[in-house]
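> Sequence below, structure please.
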Amino acid sequence: MHQLTGKRQRLQARARILQTIRAFFIQADFLEIETPQRIPQNAPEAYIQPFESEGWQLQTSPELAMKRLLAAGYEKIFQICHCWRTGERGRRHLPEFTLLEWYRSHCDYLALMDDCENLLAQLTGGQPLRYQGNLIHCDRPFERLSVHEAFARYTSLTPEQALKDDCFDELMVTAIEPNLGLPQPTFLYDYPASLAALARRKPANPCLAERFELYVAGIELANAFSELTDATEQRQRFEHVEQRHSPPRSTPMALPEKFLAALPQMPAAAGIALGIDRLVMLLTNAARIDQVVSFTPEEL
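Residues are numbered from 1 along each chain as shown. Below you'll find the predicted structure:
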């Protein structure tokens, strides 16, 4: 009981943060929507394993349903919802967590960078953010650092060499990420096309994908794309991900056919997922994600 009582101040702050987020998007004429959290299948991802639910799955992200709304003509939408991923537990990870996702039609990922800057300005009141002994200045514009620039600055390899040597993720975690988002938030952008996921390739350089991640004080806070709208290429990517899934699945994941069928109707758009729990950690100076949720799995 004492442990729950000790969380009161941060849970009160969390409630205020959620209210501010909703007010921010409503003021910007976004429609708040809700989509089902138990779905037939998620988008295949190489290192993410969903929870099974009586032949369906719990969502790892609401993106498939939200993009189908874009295809149906909804232009500016947001959602705050719970998502689930197996094996996710650590200082900054929970198997059940809260995501904020928002999407804009008729724009690219650069518009989402503006949204992130404006949202953090609203949440911090324009004041510097103090987190675990660091002072983060949230003045706009945030730092914008390409993946190639980050590898040149913090490693001895190029992203292409790191991918070939199968050490891209290791270098990101050990050499690059701890340096990002200090002393101001950092947009790490333009990933190699092989790491595009659901992002479109850059028209001027198809070797790169229009994807960015937002870092604050070394913490990955958000992941954003200019959305891929080519259903044939998206299907090929899904199939490729399934072939290299780690560890291999005993039964291949079915593809989200209704999403793929709707994709050609989706206009040019951009979407982003931001981790609410990590955001609350940053805004309340919490060292562990356990401090900003009412119950962890171990406490139930």
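> What residues does P141 make contact with?
E117 (CB atoms under 8 Å, 6 or more residues apart in numbering). C-beta coordinates here come from the backbone N, C-alpha and C atoms, glycine included.
> How much space separates it from I17?
23 Å (CB to CB, to the nearest Å).
> And for A71?
Relative to I17, and taking CB to CB, A71 is found at 31 Å.
> now F225
24 Å.
> Surely P50 and C83 touch.
No. Between P50 and C83 there is no contact under CB atoms under 8 Å: 9.3 Å.
> I'd assumed S294 was in contact with L4.
Yes. The pair L4 / S294 is scored as a contact, 7.3 Å apart, by CB under 8 Å.
> so what's L100 up against?
Neighbour list for L100: 21, 78-80, 273-276, 279 [criterion: CB under 8 Å, 6+ apart].
> let's see it at 10 Å
18, 21-22, 25, 78-81, 119, 222, 272-276, 279 (CB atoms under 10 Å, 6 or more residues apart in numbering).
> got the buried residues for stretch 212-232?
By neighbour count with 16 or more other CB atoms under 10 Å, stretch 212-232 contains the buried residues 212-229, 231.
> Looking at those, which are in strands?
Using DSSP state E, the members of the buried residues of stretch 212-232 that fall in strands are 212-216, 219-226.
> Look up how far D29 lies from the spatially closest residue to S105 that is not a sequence neighbour.
Nearest residue to S105 in three dimensions, chain neighbours excluded: E75, at 4.3 Å (CB to CB, 6 or more residues apart in numbering). Counting by CB to CB, the gap from E75 to D29 is 9 Å.
> all helices in the stretch 1-150 of the chain, in order from the N-terminus.
For the stretch 1-150 of the chain, the helices defined by DSSP state H, counting those that start in this stretch occupy 2-5, 8-27, 63-71, 109-124, 147-154.
> Tell me which of these is the most buried.
Mean neighbour count (mean count of other CB atoms under 10 Å) peaks for helix 63-71 among the helices of the stretch 1-150 of the chain, with a mean of 22.
> and that helix, what does it pack onto?
strand 76-84, strand 96-105, helix 257-262, strand 269-275 (3 or more CB pairs under 10 Å, 6 or more residues apart in numbering; DSSP states H and E).
> which other residues reach the worst-scoring helix or strand of the chain on mean pLDDT?
In the chain, no helix or strand scores lower on mean pLDDT, DSSP states H and E than helix 2-5, which sits at a mean of 83. With CB under 10 Å, 6+ apart as the test, helix 2-5 has contacts from 11, 290, 294-296, 299.
> Just the buried ones from the residues you listed, in PyMOL syntax?
The following PyMOL command selects only the buried members of the contacts of helix 2-5, with burial defined by 16+ other CB under 10 Å:
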select buried, resi 290+296
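> Including pLDDT and distance to Q41, could the contacts of helix 2-5 go into a markdown table?
Below are those laid out as a markdown table (pLDDT from 0 to 100; distance: CB to CB, whole Å):
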| residue | pLDDT | distance to Q41 |
| --- | --- | --- |
| L11 | 98 | 34 |
| D290 | 97 | 31 |
| S294 | 97 | 30 |
| F295 | 96 | 28 |
| T296 | 96 | 28 |
| E299 | 93 | 31 |
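> pLDDT averaged over stretch 23-42 - what is it?
Averaged over stretch 23-42, pLDDT sits at 98.
> Return every residue with contacts to both of L4 and S294.
Common neighbours of L4 and S294 (CB under 10 Å, 6+ apart) are L11.
> For I21, which non-adjacent residue is closest in space?
Nearest residue to I21 in three dimensions, chain neighbours excluded: L100, at 6.3 Å (CB to CB, 6+ apart).
> From what I see, Q184 and H137 are in contact.
Yes. Assessed by CB atoms under 10 Å, Q184 is found in contact with H137 at 4.8 Å.
> who touches both of these two?
128-129.
> In terms of neighbours, single out the busier of the two.
Using other CB atoms under 10 Å as the criterion, Q184 and H137 rank with Q184 on top: 17 against 13.
> how much space is there between the more buried one and A175?
In terms of CB to CB, Q184 sits 20 Å off from A175.
> Check R211 too.
R211 sits 20 Å away from A175, going by CB to CB.
> number of nearby residues for the nearest residue to F151 once chain neighbours are set aside?
Using CB to CB, 6+ apart and skipping the chain neighbours, the partner closest in space to F151 is P159 (5.2 Å). For P159, the count of nearby residues is 24 (other CB under 10 Å).
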